[in-house]
Structure formats: C-alpha cells, structure tokens
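*Asks:* sequence? don't have it. structure:
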C-alpha cells in the first residue's frame, strides 16, 4: 500500500529496531526545574529495549513463543558499558541511574558472582519497574508523582541475593564494576569475557591498596579512590598503584600524582596510558638527538674593559719606572767617575 509520498513509502520499508523513546517521557522524566533529563531517558530506553521479548518463529514464520534478550533473571550492565555506548561520562551515567532508582522507575542490585575459579563482587544488575514505566508512557505523570512498587521476586533475588534492606544499603555505596556487560549486548566472545572477569576480580582498588601495604585505608583515602575511579576508571587506579609499587613508593601521594598526569593527558584506559607515555618518551629522545647532532660552538669570553685598562696602566707604570731607573744609574755612574760624593 502506497501513501502517495515517495519518502514516506521508503521510510516505511525500513526495518527500524532498537530503542524507542515515547514522546511523553520528555515531559514526565524531568528535573525539578521541569527540563527533560536526557541521560536518564536514554538509559531507561536502552534498559526497556533489553526487557522487550524477542519473538521466536518457526520455519513458516509463525510466532511460536518468546524469550529474553539476556541470560539470567535480570539485565547485567555496568556504568562503564552505558557510558561507552552513548558517549556519556561515567559520572553522568551513575547520576542518571541514581535518578531512575530514586524515582521508582528502576531497580538496581549489586551481586557477587562466584564460580570455581573466580569471584566477582559488586556486579550491577538493573530492572525496570513496568507499572511506573507504563504510567510515564501513557499519561501526564511526572516522575515526582510515582510511588515505590515492589519488584517481582526472582530465583536469584529469593535464593542467593541478600535481603531487600541489605541490597538497598549495598547499592548506595557499592563501587561500579568496570567491565562491560555480560549479556547479549557485548560483542566479545566468551573467552574474552572470561579474561575480563578474571582481571576485574583481581584488581579491586581497595583490595590492592590493602594487600600492598599503602598505609591505613581511612575514610578520606577511600573517598579519594572512589572519586578517581569515577573520574577515570578502577583499572587506571590499580595501574597507578602498580607503578608506585614497582618504584618502591608505597604512599598515596605518588599514586595521586600519576592519576593527575593521566587526567591531564585525557587517558581513557591502561592501554591508552602506556601508548601516550611511550609517545612522550619518544619525543624526548628525538629532541635530545636533534640537539646533540650539531657541533657545539667554541665558547669565547669577552674580557671586561676595566680589566684591559688596568693591565695597560700597569704596563705604562713599569715603562716609566725603567726610564727613571736608567736615568738614576747614569747619574750615579757619572758621580763615580768624578769621585765626588761617592763613599766607598
């Protein structure tokens, strides 16, 4: 069926998939000032997409069932994974997730995943609250009017997860896991994911700080580490502490100086840090070779005028003295010849 507009017909032939943002969200999901919270809207649309069922069809094309797009009872995705997908900063993502949780549009849980070889702590899981998402989609209902709705129980939540009170307390202060999502949204194969899980499990900044005896881990240092993890990443904080250990400098000020330098260089990850440091080292060596390639000029020093004037004056005095001496000797010799006034 044709609409009569060629462009409309062409767009109608496109198979558009992915996130869908209802128009009312821009009026309902807002800050207290009334402006739309674009980061929260984008993240909620992404999460809702993952919770939309995938239809299963038979050979004839008929729908025979539905399945989830992810494995497990909830979607697992980290702050960093959201930031990498949409180009937001990690801080923006965390603030937006906090906003959605505080306004009863999202449930967030931090879990510990264990297997025979590794243990992953503080792995973030998210789940939309369907009833409240429906309200902000279908009516003029601002997020400030939403009320808390208990999420449905799942096998993970009822058996292996802590209680509701423990989850809410843990979720507020738990650090973000740095690796990407372990759901179907990842583009890496299972072996690469396993390497990432092993790496993240052994590189917790707080654990590394304690194990390598950097000193007492007080609340101030914990806050500094948390701030740097949010500004850069956990892997970069651990890498900076490794550099300090290799140099035998087990104190936080040295680590902080490394992180400040990386922040100035806009370092993204450990690989980027090493690449930029190698580039800086190469530039220094090249500059040194260029400067030492030419012949150094012979240094000549110009004597001050007063130095030459004094020397010339001394030479004049010596010449006058010799003249006077010669004159006196001639007179003395003359007196001797005459024998006058000379005492032998």
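*Replies:* Received the coordinates, thanks. Worth saying up front: this structure is predicted, and the values here are computed from it rather than measured. Residues are numbered from 1 along each chain as shown.
*Asks:* residue 272: what's it in contact with?
*Replies:* By Cβ atoms under 8 Å, 6 or more residues apart in numbering, no residues touch residue 272. Yep, even glycine has a C-beta here, placed from its N, CA and C like the rest.
*Asks:* state the mean pLDDT of whichever strand or helix holds it.
*Replies:* Element membership for residue 272, per DSSP states H and E: helix 270-293. What helix 270-293 shows for mean pLDDT is 78.
*Asks:* buried ones in it?
*Replies:* Within helix 270-293, the residues scored as buried using 16 or more other Cβ atoms under 10 Å are 270, 273, 276.
*Asks:* need those in JSON lines (columns: distance to residue 258).
*Replies:* Shown next, in JSON lines, are these (distance: Cβ to Cβ, whole Å):
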{"residue": "270", "distance to residue 258": "12"}
{"residue": "273", "distance to residue 258": "9"}
{"residue": "276", "distance to residue 258": "12"}
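*Asks:* domain map for the protein?
*Replies:* 1-201, 203-292, 305-344 (automatic domain parsing).
*Asks:* just the helices in the stretch 151-300 of the chain please.
*Replies:* 155-159, 164-173, 190-201, 205-211, 219-231, 234-246, 252-264, 270-293 (DSSP state H, counting those that start in this stretch).
*Asks:* among those, where is the model least confident on average?
*Replies:* Among those, helix 164-173 carries the lowest mean pLDDT, at a mean of 36.
*Asks:* for residue 59, phi and psi?
*Replies:* phi -60, psi -30 (degrees, to the nearest 10).
*Asks:* apologies, that question was intended for residue 13.
*Replies:* phi -80, psi -10.
*Asks:* what's the local residue count around it?
*Replies:* Residue 13: 6 surrounding residues under other Cβ atoms under 10 Å.
*Asks:* for it, give me its contacts.
*Replies:* By Cβ under 8 Å, 6+ apart, no residues touch residue 13.
*Asks:* picking that back up, between the helix holding residue 272 and helix 234-246, how big is the angle?
*Replies:* For helix 270-293 against helix 234-246, the angle by axes from the mean of the first three to the mean of the last three Cα atoms, to 10 degrees is 50 degrees.
*Asks:* next one: helix 270-293 to chain centre, how far?
*Replies:* Taking Cα atoms, centre = their mean, to the nearest Å, the mean C-alpha location of helix 270-293 is offset from the chain mean by 22 Å.
*Asks:* that one vs helix 252-264, what angle?
*Replies:* Angle of helix 270-293 versus helix 252-264, following the same axes, to 10 degrees, is 80 degrees.
*Asks:* lowest-pLDDT helix or strand in the protein?
*Replies:* Least confident element among the helices and strands of the chain, by mean pLDDT, DSSP states H and E: helix 164-173 (a mean of 36).
*Asks:* which residues touch the residue most central in space within the chain?
*Replies:* In the chain, the C-alpha nearest the mean C-alpha coordinate belongs to residue 232, at 2.0 Å (Cα atoms, centre = their mean). Applying Cβ under 8 Å, 6+ apart, we find residue 232 in contact with 259, 262, 263, 267.
*Asks:* what's the distance between the last one and residue 89?
*Replies:* For residue 267, the distance to residue 89 equals 14 Å [Cβ to Cβ, to the nearest Å].
*Asks:* number of nearby residues for the closest residue to residue 247 other than its chain neighbours?
*Replies:* Of all residues beyond its chain neighbours, the one nearest residue 247 is residue 254 (7.3 Å), with distances taken as Cβ to Cβ, 6 or more residues apart in numbering. By the criterion of other Cβ under 10 Å, residue 254 has 17 neighbours.
*Asks:* got it, and residue 245?
*Replies:* 17.
*Asks:* ok, which stretches of this protein are strands?
*Replies:* Ranges of strands in the chain, per DSSP state E, are 54-57, 63-67, 75-76, 106-114, 119-128.
*Asks:* any idea which of those is most buried?
*Replies:* strand 75-76 (a mean of 22; mean count of other Cβ atoms under 10 Å).
*Asks:* partner strands of that one and their direction?
*Replies:* strand 119-128 (antiparallel) (DSSP bridges).
*Asks:* between the two ends of stretch 15-31, how far is it?
*Replies:* 34 Å (Cα to Cα, to the nearest Å).
*Asks:* can you list contacts of that stretch?
*Replies:* Counting by Cβ under 8 Å, 6+ apart, 36-37, 40-42, 44-46, 48-49, 103, 105, 136-143 sit against stretch 15-31.
*Asks:* mind listing what's buried in that stretch?
*Replies:* 21, 22, 25, 28, 29, 30.
*Asks:* so how far is that stretch off the chain centroid?
*Replies:* 30 Å.
*Asks:* average pLDDT across it?
*Replies:* Mean predicted lDDT for stretch 15-31 stands at 87.
*Asks:* repeat for stretch 48-65
*Replies:* In this model, stretch 48-65 has a mean pLDDT of 85.
*Asks:* centre of the chain versus that stretch, how much separation?
*Replies:* The mean C-alpha position of stretch 48-65 is separated from the chain mean by 39 Å, Cα atoms, centre = their mean.
*Asks:* contact partners of that stretch?
*Replies:* Here stretch 48-65 has contacts from 18-20, 66-70, 75, 77, 127-128, 133, 183, 185, using Cβ under 8 Å, 6+ apart.
*Asks:* ok, now stretch 212-223?
*Replies:* By Cβ under 8 Å, 6+ apart, stretch 212-223 touches 206, 209, 210, 241, 244, 245, 250, 251, 252, 255.
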